[in-house]
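[1] Can you look at this prediction? I've put the sequence above it.
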Amino acid sequence: MNGVLSSLLSTLKKVEGIIEWPQLLHVKVSGINVRFAKDLLMIKGYLGSEPMMVIDAGAAHGEYSRAALFLFPMAKVIAFEPLSDSFIKLADVASKNEKFQAKNCALGSENKQVEFHVNQFSFSSSMLKMTSVHKEEFPWTKNESKTWVSCRRMDSTLEHEISRPCLLKMDVQGSELEVLVGAGHLLDSIDAVQLEVNFEEFYEGQAQYDELFSFMHSRGFRRFFQLDDLISKRGKLLACDLVFFR
């Protein structure tokens, strides 16, 4: 019975989303990630207009960037991905759209080579070492290796002037504060920031939620909303995405 109820609630949420954002029907048919598309449509609503630039830090295979390009065809998208296997797929996506630029590096607070922890579940890979808590909650991520990647400050590698409104999205597994510091003066021209906040210590030395709130507030981001909750099997909130606005 619980399984049936859960399935029914999931279906109702999808129907509600399509009623609120009819574009999601076209998104699904086009093979675009529906969750990312829904996030982007919510951000557009809060901004009051479409972003003219999207910076995708930790772009993986480019699914978020693809959703942004599909929904906001006038926007420039600049995506950063340090892992070579993922970057091959990202670069292939970028080659099909002149408004899409892909860069093979991580973003951080310094320009240097860094040791990177590559997980068998590539989306959990990070500049930071994974803790036992992460492996217990997500046992399919327990195996990892190491490699060296290029890490760059955003303010030293972004070749284009920022077009506004500008959205910065980060999926960097605990290194959010490093990316924000490395944005430097560019952060003053960014209108919305989507990042993940962990409420458990999944990575050694990860950014803490109170540090992120304090930093964002100090840089003029005084509003936010929450989405994409990650709930444990025991019903505990493990992480979520926050979108900050000025």
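    Thanks, I have it.
[2] going forward, measure contacts and count neighbours with C-alpha atoms only.
    Noted.
[3] pLDDT-wise, which helix or strand of this structure ranks last?
    Lowest by mean pLDDT, DSSP states H and E among the helices and strands of the chain is helix 2-20, with a mean of 49.
[4] Pull out the buried positions in the next helix or strand after that helix.
    Note on helix 2-20: by DSSP states H and E, the next helix or strand toward the C-terminus is helix 23-29. By 16 or more other Cα atoms under 10 Å, the buried positions in helix 23-29 come out as 23, 24, 27.
[5] residues of the host helix or strand of residue 46 that come out buried?
    Residue 46 belongs to helix 34-47 when assigned by DSSP H and E. For helix 34-47, the neighbour count (16+ other Cα under 10 Å) marks 34, 35, 36, 37, 38, 39, 40, 41, 42, 43, 44, 47 as buried.
[6] Contacts made by the helix or strand just after that helix with the rest, please.
    Following helix 34-47 in sequence order, the next helix or strand is strand 53-57 (DSSP H and E). The contact list for strand 53-57 (Cα atoms under 8 Å, 6 or more residues apart in numbering) reads 64-65, 68, 75-81, 106-107, 162-172.
[7] do the same with stretch 37-52
    17, 21, 24, 27, 64, 67-68, 71-72, 74-76, 163-167, 191-192, 227, 243, 245.
[8] quick one: residue 148 is in a strand?
    Yes - the assignment for residue 148 by DSSP: H, G, I helix; E, B strand; the rest coil puts it in a strand.
[9] OK, contacts around it?
    Here residue 148 is in contact with 113, 114, 115, 116 (criterion: Cα under 8 Å, 6+ apart).
[10] Now do the strand or helix carrying the first one: which elements does it pack against?
    Assigning secondary structure by DSSP H and E places residue 113 in strand 112-119. For strand 112-119, the elements it packs on are strand 144-152, judged by 3 or more Cα pairs under 8 Å, 6 or more residues apart in numbering; DSSP states H and E.
[11] what comes up buried for the following helix or strand past the strand it packs on?
    Counting by DSSP H and E, the element after strand 144-152 in chain order, helix or strand, is helix 154-157. Under the neighbour-count criterion of 16+ other Cα under 10 Å, helix 154-157 has 154, 155 buried.
[12] what is the rounded mean pLDDT of stretch 167-174?
    Averaging pLDDT along stretch 167-174 gives 97.
[13] should've said stretch 85-102
    The pLDDT scores in stretch 85-102 average 95.
[14] Can you dump the C-alpha atoms of that stretch in CSV for me?
    Output of stretch 85-102 as CSV, limited to C-alpha atoms (Å, rounded to 0.1, in the frame of the first residue of the first chain):
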residue,chain,number,x,y,z
ASP,A,85,35.5,11.2,-19.3
SER,A,86,32.7,13.5,-18.4
PHE,A,87,34.2,16.4,-20.3
ILE,A,88,34.2,14.4,-23.5
LYS,A,89,30.4,14.1,-23.3
LEU,A,90,30.1,17.8,-22.2
ALA,A,91,32.2,19.0,-25.1
ASP,A,92,30.1,17.0,-27.6
VAL,A,93,27.0,18.8,-26.3
ALA,A,94,28.8,22.2,-26.5
SER,A,95,29.9,21.5,-30.1
LYS,A,96,26.3,21.5,-31.2
ASN,A,97,25.5,25.0,-30.0
GLU,A,98,27.5,28.2,-30.6
LYS,A,99,26.2,29.8,-27.4
PHE,A,100,27.6,26.9,-25.3
GLN,A,101,31.3,26.9,-24.2
ALA,A,102,32.8,24.0,-22.2
